[in-house]
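Engineer: Need coordinates for the following:
(one chain, ligands or ions: 1)
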Amino acid sequence: MIPVTQTWSAEAAARYRSKGYWRGETFGAFLRARAQATPDAVAIVCGARRWTYADFDRDSDAFAAGLLDLGLRAGDRAIVQLPNIGEYFIIVFGLFKAGILPIFALPGHRSAEITHFAEKGEAAAHIVAAGQGFDYCALAHDVRGRVPGLSHVVTVGAAGAGEVGYDDLLRAAPRDLPARDPAGVAFLQLSGGSTGLSKLIPRSHDDYIYTLRESARICGLTAADTLMIALPAAHNFPMSSPGSLSAFYVGARVVLAPSPSPDACLPLIARERVTMTSLVPPVALLWLSAAEAGQHDLSSLRVIQIGGAKLAPEVARRIRPVLGCTLQQVFGMAEGLVNYTALDDDEETIVTTQGRPISPDDEILIVDDDGRDVAPGEAGHLLTRGPYTIRAYHNDDGANARAFTADGFYRTGDIVLRRADGALVVQGRAGDHINRAGEKISAEEIEDHLLAHPQVFDAAVVSIPDEFLGERSCAFVIPRGDKPKAAALKAWIRQRGLAEFKVPDQVVFVERFTETAVGKISRKALRAHLRATLGPEA
Ligand code: J2J
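Structural biologist: Numbers count the residues shown, from 1 in each chain. Predicted coordinates for the structure are as follows:
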């Protein structure tokens, strides 16, 4: 098994420690400290159920012991694929305490994606929930059948044959759980997947907890807050910017919403007196329309973080008057770098920029196509390096050669400019991924699946502007022989085991890709050309 290691040089690690960014804290230890300080404070609210910090600490200890009783060992990996339910946090902290690394899959992922994570991460377990509409247990059995070494399926809810029940694991006898190494990797987060399949991002206790502490400070999050998780809980944004884990770090209350829809969330805000939450732009739009009807008491809301995709200034301007709270823009990435507007920035800065980096040691380079610094204020490729930005993906030499410079800068793929005051403004993407309502789709990944269809000769997938989603996906397809139906190609993508959000929104059949765009020219140029043929109104 390939060990998962943190990716900073010894020199960089020593510097980040000496500057007090990395403080030797671990997830398990900070939860224990919280449980001792405020045992009866509510940590998690899920529907009518509540876990205090004491419950949270005790149950996650028990879950860790249960996993070790199963034969799992520190250093093993477990895919966590759960909806927004309270058990999710017990499980994640149980894994942290056992030293087993969660791989944070999303409920939307299907067999192709989960198989890839299981293989790349050499996962030993897949943790799912029963009774969720979609049959996750069947998915887990399917993947287990294909991936040697993936021995355990753990089920929250009614466990079937060949599965281990979450409730049974909680009944494990207490064990001594050794302290974890703060410099060690705590979990594997998923990359947005700008080229090909998602990569695994190794984040350490030290580096991630630094972002939690600073995010709480920048967002003004304290133990008095109630933070709602509306987006999928395992996504890096609602987990850390400031997200659930910052909330636990400061001893706040976390309320889980079953979906980000205004129908689910607005009554919950009123009922639980939610003070803070994070949204992607299309969801913010839905909330604005719903809130204008004025049915729900949203007066408890203090701050909303919006990020994951570009927020249009016209929408940003409506947040304060309609929702009655401060907008905080967040431009972040699971690889590391996170930028926030400040709560006390002037309105124009809040509305038109994506903020400044968390750390004084976040190094930012903005370069042209040849890697030379652009003039101040001009747009270019964003490269970054710092105390919480990884310097390599796990087990992926090919991706590492593309995504990182020789001196360890991460090529974000984003085109940004930096104002004189340091605030970044995102202009777009250099790469060919589609940012569909904050969900990142790799054009290349979808093209590869389309090309496997017997009636597809060639395919190119591009993003097109969409008023609601920000971007939607369009597949240009040259048929082979009989032209397939668009619906059949969409069904093909689903059948290949891909998440629903990756199914092309639109399919356009063409006879050929124009002369100017084939041959010596790259797929990147071809996609740019095709995008242009659709024009801005497409
Ligand atoms: C434009 N593009 C943005 C923004 C992310 C906090 C917030 C978001 C993420 C996230 C995250 C954007 N405006 N405000 O992990 O901790 C696009 C960029 C970026 C990519 C990263 C967090 N905020 N983006 O979205 O790993 O293209 O993380 O490189 O999913 O989303 O995607 P992801």
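Engineer: quick one, helices of the stretch 301-450 of the chain?
Structural biologist: 313-323, 347-352, 397-403, 443-451 (DSSP state H, counting those that start in this stretch).
Engineer: Could I get the full set of helices for the stretch 1-150 of the chain?
Structural biologist: Per DSSP H, counting those that start in this stretch, the stretch 1-150 of the chain has helices spanning 10-18, 27-37, 53-69, 87-98, 111-121, 136-146. These are given in chain order.
Engineer: Mind checking those helices for the one nearest to Val510?
Structural biologist: Among the helices of the stretch 1-150 of the chain, helix 111-121 comes nearest to Val510, with 26.3 Å by C-beta to C-beta. From N, CA and C alone the C-beta is placed, and that goes for glycine too.
Engineer: Report the mean confidence score over the closest one.
Structural biologist: For helix 111-121, mean pLDDT is 97.
Engineer: likewise stretch 252-266?
Structural biologist: The average pLDDT for stretch 252-266 rounds to 98.
Engineer: Find the closest residue to the ligand in this protein.
Structural biologist: Using C-beta to the nearest ligand atom, the single residue of the chain nearest to the ligand is Gly332, 2.6 Å away.
Engineer: is it true that that residue touches Pro238?
Structural biologist: No: the criterion here is C-beta atoms under 8 Å, and Gly332 misses it with Pro238 at 10.9 Å.
Engineer: Near the ligand, which residues of the protein are found?
Structural biologist: By C-beta under 6 Å from any ligand atom, the part of the chain that sits against the ligand consists of 192, 236-237, 240-241, 307-310, 329-334, 338, 354, 412, 414, 426, 429, 435, 438, 440.
Engineer: Report the buried members of these.
Structural biologist: A residue is treated as buried here by neighbour count (16 or more other C-beta atoms under 10 Å); on that basis the buried members of the residues of the chain next to the ligand are 192, 236-237, 240-241, 307-310, 329-334, 338, 354, 412, 414, 426, 429, 435, 438, 440.
Engineer: Using TSV, please lay out the helices of the stretch 1-150 of the chain together with mean neighbour count.
Structural biologist: Converted to TSV, these look like this (neighbours: other C-beta atoms under 10 Å):
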stretch	mean neighbour count
helix 10-18	14
helix 27-37	19
helix 53-69	22
helix 87-98	26
helix 111-121	22
helix 136-146	19
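Engineer: Make TSV out of the ones you listed and add distance to Arg372.
Structural biologist: Formatted as TSV, the helices of the stretch 1-150 of the chain follow (distance: least, C-beta to C-beta, whole Å):
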stretch	distance to Arg372
helix 10-18	24
helix 27-37	41
helix 53-69	49
helix 87-98	43
helix 111-121	34
helix 136-146	45
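Engineer: Tally up the residues packed near Thr514, please.
Structural biologist: Using other C-beta atoms under 10 Å as the criterion, Thr514 is surrounded by 11 other residues.
Engineer: Look up how far Pro174 lies from the residue nearest to the spatial centre of the chain.
Structural biologist: Among the residues of the chain, the one closest to the centroid is His235, at 3.0 Å (C-alpha atoms, centre = their mean). Using C-beta to C-beta, to the nearest Å, one gets 32 Å for the distance from His235 to Pro174.
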